[in-house]
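[1] next comes the sequence, and after it the predicted model I'd like to discuss.
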Amino acid sequence: MASDSEGKTFDRETLLDLVVNAIPLGIILFFILAFALINPFGSNPVNTAIQFSIMAVTGAALLVLTYVSGKAISEAEDELEEKGLELSEEAGAGEVAEPESEPTPETTDGDDEPAA
Amino acid sequence: MAIEEADDHSGEDHGHHLPAVEDWPKGFGEASWWPFITAIGAAGFYIGASLYVIATQTDLLGIAVGPAVFVASAFLFLAGLYGWVYHAFVAAYWEGDGHGRGLRFAMVLFLGSEVATFGAGFIYYFFVRTGAWENLPELVESGNVLSSLVIVNTIILVISSVTLHYAHIALHKNDRQKFIRLLAATLLLGVVFIGGQALEYYEFIVHEGFTITEGAYGSAFYGLTGLHGLHVSLGAVLLGVVFVRALYGQYDAEHDTSVSTVSMYWHFVDAVWIFLVVVLYAGAIVLG
Amino acid sequence: MVGEQLALTALMGVFLVAVAGFLARMEDWRSYTPLAGGSAIGDAGYGGHAEKPAGIVRWFTTVDHKDIGILYGIYALIAFFWGGAAVLLMRAELAAPGFDIMQAQFYNSLLTSHGITMLFLFGTPIIAAFSNYFIPLLIGADDMAFPRINAIAFWLLPPGAILIWAGFFTAPLGLGIDPAQTSWTMYTPLSAEQANPGVDLMLLGLHLTGVSATMGAINFIATIFTERGDEVNWANLDIFSWTILTQSALILFAFPLLGSALIMLLLDRNFSTAFFAVEGGSPILWQHLFWFFGHPEVYILVLPPMGLVSWILPKFSGRKLFGFKFVVYSTLAIGVLSFGVWAHHMFSTGIDPRIRASFMAVSLAIAIPSAVKTFNWITTMWNGNLRLTAPMLFCIGFISNFVIGGITGVFLAAIPVDLVLHDTYYVVGHFHYIVMGMIAFAGMGALYYWFPIVTGRMYQRRLAKMHFWLSMIGTNITFFAMLVLGYLGMPRRYATYQFDGAIAPLAQVTTLHQIATVGAFIIGFAQLIWAWNMVQSWYEGPELDDADPWNLKDDGMFGREFQWFETQKLAADGGESEEVRADGGEVETDGGEATGRVSSDPRSDGGYRKAVRRVDDE
């Protein structure tokens, strides 16, 4: 699935998956810009600093966690692929005991996951 | 990504016998009374505190009942703790079955929760520092709150962290003599620190008349140093346990789980103290 | 006062009978052990939980995650009925405008107890029940990372509950220890100045349950990180474990902070410190600390139910969860963002408008990850082969209620709307759509879904569906009426509403309150049906013939917990290995709950490889 990931941190699939967190991040960025441009309440060193740090800190934390988890998951995917295991929540029993369970309905998983 | 812990007890002979009795109730490897007893003991602290509060607010009980329950619970709790820790961790050592990585990870998580515990107190202090920073006690006005005692105490605690670190390194080099000596030094320094804190409280309360009810700063001071003092005391108890186990020769380069977890805890408490001295002692008198 | 005493006595009577009945029948409960107790065949190399002490001793001494899960469940359900009884009394009082059956003090006590009980003693423990029982099974671990800490964490809870409820036990004795009347938010200065040791007892009890929750959280994170089986890694970790992992991380930072705040409040009450006094940290500090805990607490309660639905819903849709990764990443996003939104509970307290605006920004941003999940669930069902079993119905009800509860929440995140609707029944309606319509629904769905694993039996499907429909109808009647009440300006937290017609139209308000009361009693009745169904089916329900009561194998959705169940069942049946092909021979019942299937597939026997290391104690 995630075969051509060499050289880059994330392959295309993973990047698409990570887009989900770009939206809240975009909203936060929008408000940071909006509050920087439109400022009806005036500026006050302490309160303005708190105002922007609340958004910046949560946004940055979200960015970091998304990056770390995306990395961990895509590395784990590669690892699973090396072992020839399945990329499914249900996986876990069939493979180890009986490799010939391939042609069962589980083969559809391969098509299902990346579309996500 | 499954973590294998086999390396933690490699080359261990499995011929040891448990140096003490079987778990209780006997014969059921996976059943134990100890967690229940520990929990009831721990709950007893809260019940003792409740009875004390009831005694102060109503006349239903003698004022001594709550503290008595509290002390009794402490014995129950410690008994449970001993049984639990012994069978869960120490016995596992004799059986050559370690838990190193999981326990270190759990200690990291616990320290994360400690950040939040201390965090609430510091947030209060920052609230006061930026808001109602008035009616300060004489100690702060004169700058005497940052006494030489505090500075000496800080140095003692920092040194104890260093000695503990080198004790751990000595253990890794299998230098048992040095390990035990440095561990003893750490324990001693920790106890001296607690003594210093007690002396400081005595000076402040008896001679300076600065108590916990002394306004906003008093609450922050005794709340934070008290919480920290409890942590150092717990750390000293843990160090004591490690020291005794070290005397029994239960550690070597591969068997150091509790040495490293206690060491993590001790360094953390040390770091909190430095932060505390900077903001609570020094921070109160600069920019005052 | 007489009415209160009577109500209290009745409440206590019901409670005591329930407890006595529970204790009396405890020994019989061992009958489920042949399935859950483990066996040498199914659990190769691990017989740790095989033998257990007899009778009640087993439950006090257990360190088996499955037993502890059951204990958590029973504890949570006792709390659920306590909290439910409290709210039914409150709704009865609100059926008419005046003081009819109780005084304001007793109403306030019930209000406080209902909130605290449902959030701390029902919500968190019922999630712990599912996670204790199923996380180790889902990740292929032998047990939790620290089974004994797990047991300690549970046994801290009953004393905590007794302390929290203590005021209700002592009030009829006239000792001067009354139930707390602080509301679950315990706002200062009210909570700091209320002269009543019952408040201190409640605070101490809350601290104890907080310690328990923190221990549990450390255990779950350690378990999911270090105890996963060989074949489970981050890429195929199930969605429920992901949500529990995120939830535990939230608990790790939220609960200790609440603990410190509670201790500070106790010091303020008893040692005249100035933590939340005007001349000290100010009463607003309490709100900051409380909501810094309180808003993550909302997600602590809501993320695992989302995980449960994400796990169960695909099973009855015949399709994999659509956008599995989206759900994972958005769960993590919620975890992070939930720490940056707390002051949206404080928009009307007069905090700095600049700071308030940033909390609005983050609050609006956090709506996205939740909305993403809703679309994932809907698209999972899209074109799916839906089977409307009771767990599935609860999942669909969950989504439906979440749409209403979630969108009303987005409105509240906007400052101008919040300033109008703050402290009205609109807020109450909004969060009850979440906590009852969503959290409790997911919990019920999961209870039905896993009932066969825990008991080895099947529940009565007709009663389960009645339970669902009555709950669904009752929930929507009650809480929709509350939303409307909020628009009419009805303020929350009041025992009476005989106000001036200029504030709100009394006639309409009364009608809406009566509608809400009727809805609440419908919900209550539904839970009685459910309780009967659970108890009756546990003892007398039809035993399962195979390990696949939901026909999950047909769709390739036979989850890890059912795979484990199959190994247990095969072992218990003496390892019989005749294979009866079920091709075409299935009974297609209404919910696909074909119990008549005989398909014991021998390939799963022993196929479930356990973690490398025995985890029989920490």
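    Alright, I've got the coordinates.

[2] list the contacts for residue C:498?
    C:97, C:98, C:506 (Cβ atoms under 8 Å, 6 or more residues apart in numbering or on different chains). All C-beta atoms are positioned from the backbone trio N, CA, C, and that covers glycine.

[3] just confirm it is within a strand.
    No. Remark: residue C:498 does not belong to a strand; assigned using DSSP: H, G, I helix; E, B strand; the rest coil, it is coil.

[4] could you look up the SS state of residue C:483?
    helix.

[5] quick check, pLDDT for it.
    Turning to residue C:483, the model gives it a pLDDT of 96.

[6] what's the closest non-adjacent residue to it?
    Nearest residue to residue C:483 in three dimensions, chain neighbours excluded: residue C:429, at 3.9 Å (Cβ to Cβ, 6 or more residues apart in numbering or on different chains).

[7] convert the C-alpha atoms of whatever helix or strand the one you found lives in to PDB, please.
    Residue C:429 is located in helix C:425-434, with elements delineated by DSSP states H and E. Provided in PDB are the C-alpha atoms of helix C:425-434 (Å, rounded to 0.1, in the frame of the first residue of the first chain):
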ATOM      1  CA  TYR C 425     -32.100  25.500  29.600                       C
ATOM      2  CA  TYR C 426     -30.700  25.700  26.100                       C
ATOM      3  CA  VAL C 427     -27.300  24.800  27.600                       C
ATOM      4  CA  VAL C 428     -28.800  22.000  29.600                       C
ATOM      5  CA  GLY C 429     -30.500  20.600  26.600                       C
ATOM      6  CA  HIS C 430     -27.300  20.800  24.500                       C
ATOM      7  CA  PHE C 431     -25.100  18.900  26.900                       C
ATOM      8  CA  HIS C 432     -27.800  16.400  27.800                       C
ATOM      9  CA  TYR C 433     -28.100  15.500  24.100                       C
ATOM     10  CA  ILE C 434     -24.400  14.700  24.400                       C
END
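
[8] residues in contact with residue C:442?
    C:305, C:306, C:308, C:309, C:394, C:395, C:398.

[9] quick check: the two most widely separated of the residues you listed?
    C:306 and C:394 (13.3 Å; Cβ to Cβ).

[10] by mean pLDDT, which helix or strand of chain B comes out lowest?
    helix B:91-94 (a mean of 61; mean pLDDT, DSSP states H and E).

[11] buried ones in whichever helix or strand comes after that one, by neighbour count?
    Counting by DSSP H and E, the next helix or strand C-terminal to helix B:91-94 is helix B:100-130. Across helix B:100-130, burial judged by 16 or more other Cβ atoms under 10 Å in any protein chain shown covers B:100-107, B:109-114, B:116-125, B:127-129.

[12] look up the closest residue to residue A:58, ignoring the ones flanking it.
    In space, residue A:58 is closest to residue C:340, 3.3 Å off (Cβ to Cβ, 6+ apart).

[13] so that neighbour touches residue A:57, yeah?
    Yes. Proximity of residue C:340 to residue A:57 meets the contact threshold set by Cβ atoms under 8 Å, at 7.0 Å.

[14] settle it for me: which of the two has more neighbours?
    Set residue C:340 next to residue A:57 and count neighbours by other Cβ atoms under 10 Å in any protein chain shown: residue C:340 wins out with 26 against 14.

[15] and that one, how far from residue C:216?
    25 Å (Cβ to Cβ, to the nearest Å).

[16] show me what the longest helix along chain A is packed against.
    What stands out as the longest helix in chain A, according to DSSP state H, is helix A:45-83. Helix A:45-83 is packed against helix A:12-37, helix C:324-337, helix C:353-381, with contacts defined by 3 or more Cβ pairs under 8 Å, 6 or more residues apart in numbering or on different chains; DSSP states H and E.

[17] pick the most buried one from those.
    Comparing the helices and strands packed on helix A:45-83 by mean neighbour count (mean count of other Cβ atoms under 10 Å in any protein chain shown), helix C:324-337 ranks first with a mean of 26.

[18] and the angle for it with helix C:353-381?
    Here the directions of helix C:324-337 and helix C:353-381 differ by 160 degrees (axes from the mean of the first three to the mean of the last three Cα atoms, to 10 degrees).

[19] helix C:324-337 near chain B anywhere?
    No. Helix C:324-337 stays clear of chain B (Cβ under 8 Å from any Cβ of the partner chain), getting no nearer than 13.7 Å.

[20] that helix vs helix A:12-37, what angle?
    Using the same axes, to 10 degrees: helix C:324-337 against helix A:12-37 is 30 degrees.

[21] who are the contact partners of residue C:414?
    C:360, C:364.

[22] could you measure from it over to residue B:189?
    For residue C:414, the distance to residue B:189 - Cβ to Cβ - is 56 Å.

[23] of all residues in chain A, which one is closest to chain B?
    Ranked by Cβ to the nearest Cβ, the top residue of chain A for proximity to chain B is residue A:76, at 6.2 Å.

[24] return the per-residue confidence for that residue.
    Confidence score, pLDDT, at residue A:76: 88.

[25] what sits against it?
    B:1, C:233, C:234, C:235, C:236.

[26] which of those tops the neighbour count?
    Going by other Cβ under 10 Å, residue C:235 tops the contacts of residue A:76 with 25 neighbours.

[27] ok, it - contacts?
    Counted by Cβ under 8 Å, 6+ apart, residue C:235 has contacts A:73, A:74, A:76, A:77, A:79, A:80, A:87.

[28] from the chain's centre, how far out does stretch C:541-550 sit?
    Taking Cα atoms, centre = their mean, to the nearest Å, one finds stretch C:541-550 lying 26 Å from the centre of the chain it belongs to.

[29] okay, buried residues for it please.
    Residues of stretch C:541-550 classed as buried by neighbour count (16+ other Cβ under 10 Å): C:541, C:544, C:545, C:546, C:547, C:548, C:549, C:550.

[30] can I assume the fourth one sits in a helix?
    Right, residue C:546. No. Going by three-state DSSP, the assignment for residue C:546 is coil, not a helix.

[31] quick one, phi/psi of it?
    Taking degrees, to the nearest 10, you get phi -140, psi -180 for the backbone angles of residue C:546.

[32] what's the pLDDT at it?
    On the pLDDT scale, residue C:546 gets 86.

[33] and the last one, by the same measure?
    Predicted confidence (pLDDT) at residue C:550: the value is 91.

[34] check the secondary structure at it for me.
    coil.

[35] distance of it relative to residue B:251?
    Taking Cβ to Cβ, one finds residue C:550 at 51 Å from residue B:251.

[36] could I get the contacting residues of the residue of the stretch 351-500 of chain C found nearest chain A?
    Closest residue of the stretch 351-500 of chain C to chain A, Cβ to the nearest Cβ: residue C:361 (3.4 Å). Each residue near residue C:361 by Cβ under 8 Å, 6+ apart is listed here: A:27, A:28, A:31, A:32, A:35, A:55.
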